[in-house]
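Novice: need a structure here:
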Amino acid sequence: MASAREIAVTCPVPFADNQKIMLAHGGGGRLMQRLLDAVILPALHNDHLAERHDCALLPTPAAGRLAFTTDSYVVRPLFFPGGDIGTLAVNGTVNDLAMGGARPLWLSAGFILEEGLPWETLRRVCASLRRAADAAGVAIVTGDTKVVECGKGDGIFITTAGIGVVEHEAALGPRQVQPGDAILLSGDIGRHGIALMAVGEGIRLETALESDCAPLAQPVLRLFDANLPIHCLRDLTRGGLASALVEIAEASGFGLQIHEDKIPIHDTVRAICEILGLDALHVANEGRFVAFVPPTHAEPALALLRRDPLGVDARQIGTVELGAPGRVILRSSFGTNRILDMLSGEQLPRIC
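Specialist: Prediction:
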């Protein structure tokens, strides 16, 4: 018979039928394989993942340049109106590729799971990853899973990397921006940040409000397919429209003149911002972008954007100017001007 001391130091075999994440699920052994086989791989299955190799061997595009990006997602709450952390992880990475003018092709997904996370939560997230990937026309071809102790994570964090192909010769970026360029906005702003804040803070809204989280590759590629001269693209995420515009102004060395009354904002977003003293121009988005195009091509570009459900509210919101280099000047509906700048910190709790 074992002594009390021997019993105290014995490490029991983890309970294999537990439907919550345990540290052993990240240990590389049987339980980890069981989690992959039971939850993750069935949801994300494709031929590349089925190889069960350390890397995915992918065909090289016959023509064009490769685009490569990576990002991490730590959203709270995990599930929100209009999406969840899985939807966000796919769309966010797809959109970063699209802003480079690339056609997204492949993604990786790295999971950091907290001990105690229910399997059902992971199943829901993986199902969302798969739906979002299918909708965006990409495949999740490789990934990784790690587990951290209870209290040292936040349920689930996801890191995605993406590869796409650039099928045109256009050079994109703030340094390509030219004086006179029209500044186009693809839709209303602020819904993502306000929708998440409302759920996280328990704010009941009379009107349903969903995040704008969506893949932007198709509306962007439609512009390139039409051979329109696009000088710069930027998706609006953390920091909102304001941060994106300031970044481009500072990098280009030109001033941006923005008309506040031309920026579309959902009535509920506007009302919440007024009540709480927030500025919608700094609220995060996950399915909106700005495009800088020569003025003669603004209307054709807007017409193409409005053909897509994501771009029905697309508008020209301003122009690039020689004056006020590196600054964004916001002209109000009252005819007054103010300098639009980035926030020093954050307006809202963590939302991506």
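
Novice: All the helices of the stretch 1-150 of the chain, residue numbers only.
Specialist: 4-8, 30-35, 41-44, 47-50, 85-99, 119-136 (DSSP state H, counting those that start in this stretch).

Novice: Show me how far the third one is from its chain's centre.
Specialist: For helix 41-44, the gap between its own C-alpha mean and the chain's C-alpha mean amounts to 22 Å (C-alpha atoms, centre = their mean, to the nearest Å).

Novice: same question, stretch 99-114
Specialist: Taking mean C-alpha positions (C-alpha atoms, centre = their mean), stretch 99-114 and its chain are 10 Å apart.

Novice: I'd like the numbering to begin with 9 instead of 1 from here.
Specialist: Will do, 9 is the new start, and the previous item becomes stretch 107-122.

Novice: Averaged pLDDT, that stretch. What do you get?
Specialist: The average pLDDT within stretch 107-122 is 96.

Novice: can you check stretch 232-242 too?
Specialist: Per-residue scores along stretch 232-242 average to 96.

Novice: Any buried residues in that stretch, and which?
Specialist: 232, 236, 237, 238, 239, 240, 241, 242 (16 or more other C-beta atoms under 10 Å). All C-beta atoms are positioned from the backbone trio N, CA, C, and that covers glycine.

Novice: got it, and stretch 171-189?
Specialist: Burial within stretch 171-189, assessed by neighbour count using 16+ other C-beta under 10 Å, is assigned to 171, 172, 173, 174, 176, 180, 181, 182, 185, 189.

Novice: repeat for stretch 81-96
Specialist: Burial within stretch 81-96, assessed by neighbour count using 16+ other C-beta under 10 Å, is assigned to 81-83, 86, 88-96.

Novice: Could you do stretch 122-133 as well?
Specialist: Residues of stretch 122-133 classed as buried under the neighbour-count rule (16+ other C-beta under 10 Å) are 122, 123, 124, 125, 129, 130, 131, 132, 133.

Novice: ok, the nearest residue to residue 89 once chain neighbours are set aside - how many residues close by?
Specialist: Counting by C-beta to C-beta, 6 or more residues apart in numbering, the nearest residue to residue 89 once its immediate chain neighbours are dropped is residue 218, at 4.4 Å. Number of residues near residue 218 (other C-beta atoms under 10 Å) recorded here: 13.

Novice: Dump the helices of the stretch 9-158 of the chain to JSON lines, plus distance to residue 289.
Specialist: Putting the helices of the stretch 9-158 of the chain into JSON lines (distance: least, C-beta to C-beta, whole Å) gives the following:
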{"stretch": "helix 12-16", "distance to residue 289": "60"}
{"stretch": "helix 38-43", "distance to residue 289": "43"}
{"stretch": "helix 49-52", "distance to residue 289": "37"}
{"stretch": "helix 55-58", "distance to residue 289": "41"}
{"stretch": "helix 93-107", "distance to residue 289": "19"}
{"stretch": "helix 127-144", "distance to residue 289": "27"}
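
Novice: Residue 251 is nearest to which of the ones you listed?
Specialist: helix 93-107 (14.2 Å; C-beta to C-beta).

Novice: Now do that closest one against helix 127-144, angle only.
Specialist: Between helix 93-107 and helix 127-144, the angle formed by their directions is 30 degrees, by axes from the mean of the first three to the mean of the last three C-alpha atoms, to 10 degrees.

Novice: list the contacts for the most centrally placed residue in the chain?
Specialist: Compute the mean C-alpha point of the chain, and by C-alpha atoms, centre = their mean the closest residue is residue 100, 2.2 Å away. Listed by C-beta atoms under 8 Å, 6 or more residues apart in numbering, the contact set of residue 100 reads 79, 81, 168, 245, 294, 360.

Novice: cool, and residue 268?
Specialist: With contacts defined as C-beta under 8 Å, 6+ apart, the neighbours of residue 268 are 338, 339, 340, 341.

Novice: quick one: the last one is in a helix?
Specialist: No: checked against DSSP: H, G, I helix; E, B strand; the rest coil, residue 341 lies outside a helix; its state is coil.

Novice: Local confidence estimate at it?
Specialist: Per-residue confidence for residue 341 comes out at a pLDDT of 83.

Novice: can you check the first one too?
Specialist: pLDDT, the model's per-residue confidence, is 96 for residue 338.

Novice: which one of the buried residues of stretch 171-189 sits closest to residue 310?
Specialist: Closest approach between these and residue 310, by C-beta to C-beta: residue 189, at 13.8 Å.

Novice: isn't that closest one right up against residue 305?
Specialist: No: under the criterion of C-beta atoms under 8 Å, residue 189 lies out of contact with residue 305, with a separation of 9.5 Å.

Novice: tell me, how many neighbours does the closest residue in space to residue 320 that isn't next to it in sequence end up with?
Specialist: Closest residue to residue 320 in three dimensions, ignoring its sequence neighbours and counting by C-beta to C-beta, 6+ apart: residue 314, at 5.7 Å. Other residues within reach of residue 314, judged by other C-beta under 10 Å, total 17.

Novice: Likewise for the one 3 residues further on?
Specialist: Burial of residue 317, expressed as a neighbour count using other C-beta under 10 Å, amounts to 9.

Novice: next one: residue 106
Specialist: Tallying neighbours of residue 106 according to other C-beta under 10 Å, which is how burial is gauged here, yields 27.

Novice: how about low-confidence regions in the stretch 59-208 of the chain?
Specialist: Counting by pLDDT under 70, the low-confidence segments of the stretch 59-208 of the chain come to 61, 71.

Novice: ok but residue 289 is inside a helix, no?
Specialist: Yes: when classified by three-state DSSP, residue 289 is found to be part of a helix.
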